[in-house]
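Student: Quick one, what's the 3D model for this:
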Amino acid sequence: MTPVKSLLLCLGAAALWAAPGYADVGRNYADHCASCHGADRLGGSGPALLPENLARLRRPEAFKSIAEGRAASQMAGFADKLSKGEIDELVDLVYTPLPETPVWDAYEIITSHVQHALPGSLPDTPIFSADPLNLFVVVGVGDHHATILDGDKFEPIFRFPTRFALHGGPKFSPDGRFVYFASRDGWVSKFDIYNLKTVAEVRAGINTRNVAVSGDGKTLLVGNYLPHTLVLLDAKDLSLIKVIPAVGIDGKSSRISAVYQAAPRDSFVAALKDVKEVWEISTTVKDFPVRRIAVENYLDDFFFDQPYRHLIGAARDGQMGQVIDLDSGKKVADIELPGMPHLGSGITWEYQGHPVMATPNLKASLVSVIDMESWKTIKQIKTPGPGFFMRSHENTPYAWTDGFATMDPKSRDTMTLIDKRTLEVAKVLRPIPGKTAAHVEFTRDGKYALVSIWENDGALVIYDAATLKEIKRLPMKKPSGKYNVFNKITHSAGTSH
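Tutor: Coordinates of the predicted model:
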């Protein structure tokens, strides 16, 4: 045990500044880590840095992450700013338990609940004239605002502040009227698009992964990194229904990797990050029973086929994906997935009479295309750099993928278009050379594609999806995802679910 580790165990992280000879580690954390991970290490725009959340990250990997940065995230490396000894001290810090473990259970959730408007008290028709199904919800991470955008005129209708560091993408009610946001620090917000008003909020956790809405629109499921829980909320007013501890069959507590709704199955599906299990939770059976499905490897990321029978998942440090038949609860295939696939951004389409899935890759400069009948790789398509988001639409021949998962300026400004008919790269766009391009979404008819320029002086760049000509540019501060209401509520094959 290092002297720093011994001292931290005795004093706790809060005493760092006052400990003679050890103020530097507290100062380094404050200078380089706190803005993303929180001054209390409970998380912010980045995840919580606590031993219970680092079970699968070995110390050498933690050192490497601080020194070199971390793939599949916005974490930069600090080897040019910190010495080896200083990085060692930071590693000691993040593996040291807090003096008191934070509690966030039913009582804390219930007392955090805020009701801004009673259910049924607002008009049931939109207060604007735009097509409510061709709206976009644009999330701006630069200034923590969201914009409701008219998808026909490409003009903002309303802009409003959100909670800090939204994460996991907003989710919609089945009719498209309400949108639900989850923030990294656990706040879930319900926004009435028709009336342009936040109607309810509740803090469901301390460090939250994402939220899902049931197929019938009645229930929300929130997945947490901290505490290790799943939280069921009434979608009507965000009141608490149930807290489910995320504990494996072996008694091990776990973070939640992600939660999704599986509407055709009347269920939610959740993956446990630290336990080799997938849970299916019925939304139509009283008390929301959990069905446990054992898997061979951790599922950090996963994807469904269109009928929601098969779950395709992968561990971030694995080389193979696994296909789980949700009906039988059995693995039916392994998939070759090199690098670090981002299955949560996967899409599907028909290719030569077969359903295929495609996923970008967070480490390798390629897109994997998989036959969803044989589960064999059809092709690995080379791209200028690793990508994070991939999108398409039923009415366009192209699948669009970015270079967002790399820090390389030679590819981070690219948008690669893959012809879905030939699996060849049709074109590489550079919306604004030298500026980070990310996240495509299409209008409900697929005629236009919207691309984010992920910079503080960024923009939405709107393309004609057939001619690939730019038709409009809207300045915005670090726009992240943008989500078309119709595409989301109809579960378009070209967008994530």
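Student: and the residue nearest to Asp150 when sequence neighbours are not counted, helix, strand or coil?
Tutor: Distances taken as CB to CB, 6 or more residues apart in numbering place Ala130 nearest to Asp150, at 4.2 Å, with adjacent residues excluded. Where C-beta positions appear, they are placed from N, C-alpha and C, glycine not excepted. Recorded secondary structure, Ala130: coil (DSSP: H, G, I helix; E, B strand; the rest coil).
Student: what residues are up against Ala130?
Tutor: Listed by CB atoms under 8 Å, 6 or more residues apart in numbering, the contact set of Ala130 reads 150-153, 157.
Student: Out of those, grab the one that's most surrounded.
Tutor: Within the contacts of Ala130, most neighbours by other CB atoms under 10 Å means Gly151, with 26 neighbours.
Student: I figured it was touching Val138, is that so?
Tutor: No - using CB atoms under 8 Å, Gly151 is not in contact with Val138; the gap is 10.6 Å.
Student: secondary structure class for the closest residue to Gly46 other than its chain neighbours?
Tutor: For Gly46, ignoring the flanking residues on the chain, the nearest one in space by CB to CB, 6+ apart is Cys36 at 3.7 Å. Secondary structure, three-state DSSP: Cys36 is helix.
Student: I'd like the numbering to begin with 37 instead of 1 from here.
Tutor: Got it, first residue is 37 now, which makes that one Cys72.
Student: Cys72: neighbour count?
Tutor: Cys72: 18 neighbours (other CB under 10 Å).
Student: Give me the pLDDT for it.
Tutor: At Cys72, the pLDDT value in this model is 85.
Student: now swap in Met376 and tell me
Tutor: pLDDT at Met376 comes out at 86.
Student: In the host helix or strand of Val461, which residues are buried?
Tutor: Using DSSP states H and E, the element containing Val461 is strand 460-465. Neighbour counts over strand 460-465 (16 or more other CB atoms under 10 Å) mark 461, 465 as buried.
Student: which helices and strands sit right next to it?
Tutor: For strand 460-465, the helices and strands in contact under the criterion 3 or more CB pairs under 8 Å, 6 or more residues apart in numbering; DSSP states H and E are strand 413-418, strand 451-455.
Student: mind exporting the first one as PDB, just the C-alpha atoms?
Tutor: The C-alpha atoms that make up strand 413-418 are tabulated as PDB, following Å, rounded to 0.1, in the frame of the first residue of the first chain:
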ATOM      1  CA  THR A 413     -19.800 -11.000 -41.300                       C
ATOM      2  CA  ILE A 414     -20.600  -9.900 -44.800                       C
ATOM      3  CA  LYS A 415     -18.100  -7.100 -44.900                       C
ATOM      4  CA  GLN A 416     -15.900  -4.800 -42.900                       C
ATOM      5  CA  ILE A 417     -16.000  -1.400 -44.500                       C
ATOM      6  CA  LYS A 418     -13.000   0.800 -44.100                       C
END
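Student: Name every strand pairing with it and say which way it goes.
Tutor: Sheet partners assigned to strand 413-418 using DSSP bridges are listed as strand 402-407 (antiparallel).
Student: What of the shortest one?
Tutor: Looking at strand 451-455 with DSSP bridges, its paired strands and their directions are strand 434-438 (antiparallel), strand 460-465 (antiparallel).
Student: And for the shortest one, what's in contact with it?
Tutor: What that stands for is strand 434-438. 383, 385, 394, 396, 403, 419, 423-428, 450-456, 462, 473-476, 485, 487, 501, 530.
Student: which of these are buried?
Tutor: 383, 385, 394, 396, 403, 419, 423-428, 450-454, 456, 473-476, 485, 487, 501, 530.
Student: I'd assumed Ser447 was in contact with Pro469.
Tutor: No - applying CB under 8 Å, one finds Pro469 not in contact with Ser447, separated by 11.8 Å.
Student: Mind checking which of these two has more residues around it?
Tutor: Neighbours were counted for Pro469 and for Ser447 using other CB under 10 Å; Ser447 has more, 22 against 9.
Student: Once you drop chain neighbours, what's closest to that one?
Tutor: That would be Gly421: by CB to CB, 6+ apart, it lies 2.8 Å from Ser447.
Student: who's in contact with the one you found?
Tutor: Here Gly421 is in contact with 401, 439, 441-442, 444, 446-448, 450 (criterion: CB under 8 Å, 6+ apart).
Student: Phi, psi for it please.
Tutor: phi -170, psi 170 (degrees, to the nearest 10).
Student: I'd like the distance between the most centrally placed residue in the chain and Asn64.
Tutor: For the chain, the residue sitting closest to the mean C-alpha position, by CA atoms, centre = their mean, is Gly204 at 3.1 Å. With distances taken as CB to CB, to the nearest Å, Gly204 is found 30 Å from Asn64.
Student: Then Ser516?
Tutor: Distance from Ser516 to Asn64, by CB to CB: 28 Å.
Student: What of Val464?
Tutor: Distance from Val464 to Asn64, by CB to CB: 40 Å.
Student: hey, where'd the helices end up in this structure?
Tutor: Counting by DSSP state H, one finds helices in the chain at the ranges 39-47, 59-68, 70-73, 95-104, 120-130, 142-148, 521-525.
Student: Let me know which of these is tucked in deepest.
Tutor: helix 521-525 (a mean of 22; mean count of other CB atoms under 10 Å).
Student: tell me which strands and helices that one is in contact with?
Tutor: Contacting helix 521-525 under the criterion 3+ CB pairs under 8 Å, 6+ apart are the following elements: strand 171-176, strand 207-208.
Student: residue contacts, the residue nearest to Leu504 when sequence neighbours are not counted?
Tutor: Leaving aside its chain neighbours, Leu504 sits nearest to Lys463 (6.4 Å; criterion: CB to CB, 6+ apart). Applying CB under 8 Å, 6+ apart, we find Lys463 in contact with 452-453, 504.
Student: out of those, which one sits closest to Pro343?
Tutor: Leu453 (27.7 Å; CB to CB).
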